[in-house]
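**Q** Return atomic coordinates for the entry below.
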Amino acid sequence: MKKESFRELAGVGVMMFFIALGLSVILWGPPRIVEASPRAAMQGFGYSYAHITTASTEVMDGSGVLRSITINGPASSSLTLTIYDNTEGSGSDIISVITIPTSVLNPMPVTLSYNIRCGTGIYVKESNTSSYDVTVAYSRD
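**A** Below you'll find the model as predicted:
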């Protein structure tokens with residue numbers, strides 16, 4: 001009985017791999033290319049977003065999902081935000097109040113995850129004229 005070298009054993013392992021691969025192609029057919037749906041291609045990767053630094057803003061019109069709100073830094077003066085399921089700053093509020101501090105007491109940025117379905121749109125309304133830095137992530141239906 002002869003001792004096999006490592007090289008011969010490795011060659012046998014590689015050969016077994018290709019035999020198994022060949023059998024899988026014979027049994028299940030060749031690999032298929034699966035095309036993404038047009039909707040997935042349009043949306044791409046990740047979520048849409050709106051970077052807001054001043055004033056109340058319509059973020060999205062139509063139905064979709066409010067994914068998250070990121071507070072990127074402190075506000076210039078006392079500020080609270082109200083988020084509405086609407087295209088204007090009235091109607092049913094999704095999030096009643098988010099208070100943005102004027103000084104950095106905690107590490108920034110802070111991301112608040114929501115994943116809330118909206119039927120009409122997303123509107124961010126500020127409580128007063130202030131400079132602030134917020135990013136709202138959303139996805140459309």
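
**Q** OK, contacts around Asn125?
**A** In this structure residue 125 is Lys, not Asn. 56, 81-84, 89 (CB atoms under 8 Å, 6 or more residues apart in numbering). All C-beta spots, glycine's among them, are computed from the backbone N, C-alpha and C.

**Q** Relative to Ser103, how far out is it?
**A** As judged by CB to CB, to the nearest Å, Lys125 and Ser103 stand 23 Å apart.

**Q** Return the list of helices and strands in contact with the one helix or strand Thr70 maps to.
**A** For Thr70, the element it lies in under DSSP states H and E is strand 64-71. Where contact means 3 or more CB pairs under 8 Å, 6 or more residues apart in numbering; DSSP states H and E, strand 64-71 is packed against strand 79-84, strand 93-100, strand 110-118, strand 121-126, strand 131-140.

**Q** Can you add mean pLDDT and distance to Gly62 and give those back as TSV?
**A** Formatted as TSV, the helices and strands packed on strand 64-71 follow (pLDDT from 0 to 100; distance: least, CB to CB, whole Å):
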stretch	mean pLDDT	distance to Gly62
strand 79-84	88	14
strand 93-100	84	15
strand 110-118	91	9
strand 121-126	92	6
strand 131-140	90	6
